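1. Sequence first, then the predicted structure, then my questions.
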Amino acid sequence: MGEPPPALPPEWLAGPGWSVIGLLTAAELPATSTVVGKCVIYPLTEPTWTPFWPGQSSLGPDVANRDGIIVVEPGIRFRTRHAIGTIVGGDCDQPTARQLGQERFDSAIALLALAQGPGMPPPYVRVMSVTDSSGSEPGGPENGPMTRMNFHEMVVKPMSEATIRRLIMLDGMAGSDPRIATLIKLWNVAEQANRRRFSASDMDSSLVNYCKVVEQVANAVDQKAAAIGDPAVEELVADLTVKLTSPRPIVERVKSIEAIAQRLRELKSIGSRRRLARTLETLDVHRDLGGAVLEVWDLRSRKAGHPNPTSVTDTQVDSARAAAGELLTFYFNWRWRQRPAPPPRHPQN
């Protein structure tokens, strides 16, 4: 617990504001300082542990030079050779700066998780210090009750060139395309829920959040809304009009409204699944992924997100994460191909 928090690279320390620094671990991390959004990920000269509190389990890496996440209860502790930092404007207090810094870190590791691919364990970051530019108000890691985190040990490898390219591409697209920024935010929410997946309700929440990612991909690709003039909808509206204008008791008319509302929800659900199927065709996903994505949607419709969720399993949530993550990759590649072509270069005379 006596280890000093890592410092930001010198080039990030100019100007007033709060310096928020965290320790970061992931399956792949860059060998040099890398800017992601409003954060910088940078290597440390020596491996560093997150703090230890009495009563907390602690496991060291079982192989020399092996860093990674260790499952502990009730919190999580890890050793790493990487930190992440950001500068938050000085017009806020320290707790607000910590919160804003954590939000930026969460966005950065969401991009990192997508760049690595859903087959890798999710990254994790732990805020270590919040200090103003003068250094007069240092704030260390919070040592109150810790949130239980659902993690597995991982081996940290140098980031491959392919992952670096994907990370740079995603970072640039997230800053310029609102649809991609929305998808990354939803993925981050789903990943946060997945990190706290222990109980049946946790698994239900995780599945619902990954399904929201799938649905938002469909919204981004196929923006055609259900037409008001759809024959089935017109028929329902006409039927409701007759029942509401007839001299029937108010109780029966209320029941008619409820029955029509239920039918409209069913029609909307059918239409949403069809739109998702069209999206899979547009993105030209392979058959296995298409089946997995539709299964995520069907599973949510049958089991998850209802007042009494039933029997959502760990395996089903893992499959939902893998399907949603791979679908995002197809969508990002599709959007990348859709970007405007650069203007032609004219030879100089």
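-> Right, received. Where do you want to start? Numbers count the residues shown, from 1 in each chain.

2. packing partners for the host helix or strand of I109?
-> Here I109, judged by DSSP states H and E, is contained in helix 94-116. Counting contacts by 3 or more Cβ pairs under 8 Å, 6 or more residues apart in numbering; DSSP states H and E, helix 94-116 packs against strand 18-25, strand 34-36, strand 39-49, strand 76-88, strand 124-132, helix 161-176, helix 178-195, helix 314-338. Every C-beta, even on glycine, is put in place using the N, C-alpha and C of the backbone.

3. just checking, Y124 touches L112?
-> No: Y124 is beyond contact range of L112, at 10.4 Å (criterion: Cβ atoms under 8 Å).

4. Nearest to D106, out of the helices and strands packed on helix 94-116?
-> With Cβ to Cβ as the criterion, D106 lies closest to helix 178-195 of those, at 5.4 Å.

5. in the next helix or strand along the chain from that closest one, what counts as buried?
-> Next helix or strand after helix 178-195 toward the C-terminus (DSSP H and E): helix 200-221. For helix 200-221, the neighbour count (16 or more other Cβ atoms under 10 Å) marks 202-221 as buried.

6. L23 is in contact with G85, isn't it?
-> No: with contact defined as Cβ under 8 Å, L23 does not count as touching G85 (10.4 Å).

7. Let me see the mean pLDDT of stretch 203-218.
-> Averaged over stretch 203-218, pLDDT sits at 91.

8. sorry, back to before: kindly calculate the angle that the helix holding I109 makes with helix 314-338.
-> 80 degrees (axes from the mean of the first three to the mean of the last three Cα atoms, to 10 degrees).

9. Return the alpha-carbon coordinates of helix 94-116 using PDB.
-> Output in PDB follows, covering the C-alpha atoms of helix 94-116 (Å, rounded to 0.1, in the frame of the first residue of the first chain):
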ATOM      1  CA  GLN A  94     -11.900  16.700  -6.500                       C
ATOM      2  CA  PRO A  95     -14.800  14.100  -6.300                       C
ATOM      3  CA  THR A  96     -16.200  15.500  -9.600                       C
ATOM      4  CA  ALA A  97     -12.700  15.300 -11.200                       C
ATOM      5  CA  ARG A  98     -12.500  11.600 -10.000                       C
ATOM      6  CA  GLN A  99     -15.900  10.800 -11.500                       C
ATOM      7  CA  LEU A 100     -15.100  12.500 -14.800                       C
ATOM      8  CA  GLY A 101     -11.700  10.800 -14.900                       C
ATOM      9  CA  GLN A 102     -13.300   7.400 -14.300                       C
ATOM     10  CA  GLU A 103     -15.900   8.000 -17.100                       C
ATOM     11  CA  ARG A 104     -13.100   8.800 -19.500                       C
ATOM     12  CA  PHE A 105     -11.200   5.700 -18.400                       C
ATOM     13  CA  ASP A 106     -14.300   3.600 -18.900                       C
ATOM     14  CA  SER A 107     -14.700   4.900 -22.400                       C
ATOM     15  CA  ALA A 108     -11.000   4.300 -23.200                       C
ATOM     16  CA  ILE A 109     -11.100   0.700 -22.000                       C
ATOM     17  CA  ALA A 110     -14.400   0.100 -23.900                       C
ATOM     18  CA  LEU A 111     -12.500   1.000 -27.100                       C
ATOM     19  CA  LEU A 112      -9.500  -1.100 -26.000                       C
ATOM     20  CA  ALA A 113     -11.800  -4.100 -25.500                       C
ATOM     21  CA  LEU A 114     -13.300  -3.700 -28.900                       C
ATOM     22  CA  ALA A 115      -9.900  -3.300 -30.500                       C
ATOM     23  CA  GLN A 116      -8.700  -6.500 -28.900                       C
END
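
10. Of all the residues in it, which ones are buried?
-> Result for helix 94-116 [16+ other Cβ under 10 Å]: buried residues 94, 97-98, 100-102, 104-116.

11. Mind exporting the C-alpha coordinates of stretch 285-294 to CSV?
-> Extracted in CSV, the C-alpha atoms of stretch 285-294 (Å, rounded to 0.1, in the frame of the first residue of the first chain):
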residue,chain,number,x,y,z
VAL,A,285,-22.1,-11.5,-41.6
HIS,A,286,-21.3,-15.2,-41.7
ARG,A,287,-24.0,-17.7,-40.9
ASP,A,288,-22.8,-18.7,-37.5
LEU,A,289,-22.6,-15.1,-36.3
GLY,A,290,-26.0,-14.4,-37.8
GLY,A,291,-27.6,-17.3,-35.9
ALA,A,292,-25.8,-16.3,-32.7
VAL,A,293,-27.1,-12.7,-32.9
LEU,A,294,-30.6,-13.7,-33.6
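
12. what does that stretch rub up against?
-> 214, 273, 276-277, 280, 319, 322-324, 326-327, 330 (Cβ atoms under 8 Å, 6 or more residues apart in numbering).

13. Residue ranges in the protein under the pLDDT threshold?
-> Where the chain drops to pLDDT under 70, the residues are 1-6, 10-15, 52-76, 133-154, 223-240, 242-244, 258-271, 303-310, 340-349.

14. Pull the contacting residues for the spatially closest residue to G89 that is not a sequence neighbour.
-> Closest residue to G89 apart from its sequence neighbours, by Cβ to Cβ, 6 or more residues apart in numbering: G17 at 5.3 Å. Counting by Cβ under 8 Å, 6+ apart, G17 touches 87-90, 132-133.

15. Quick check: phi and psi on G17?
-> As for G17, its main-chain torsions (degrees, to the nearest 10) stand at phi 140, psi 180.
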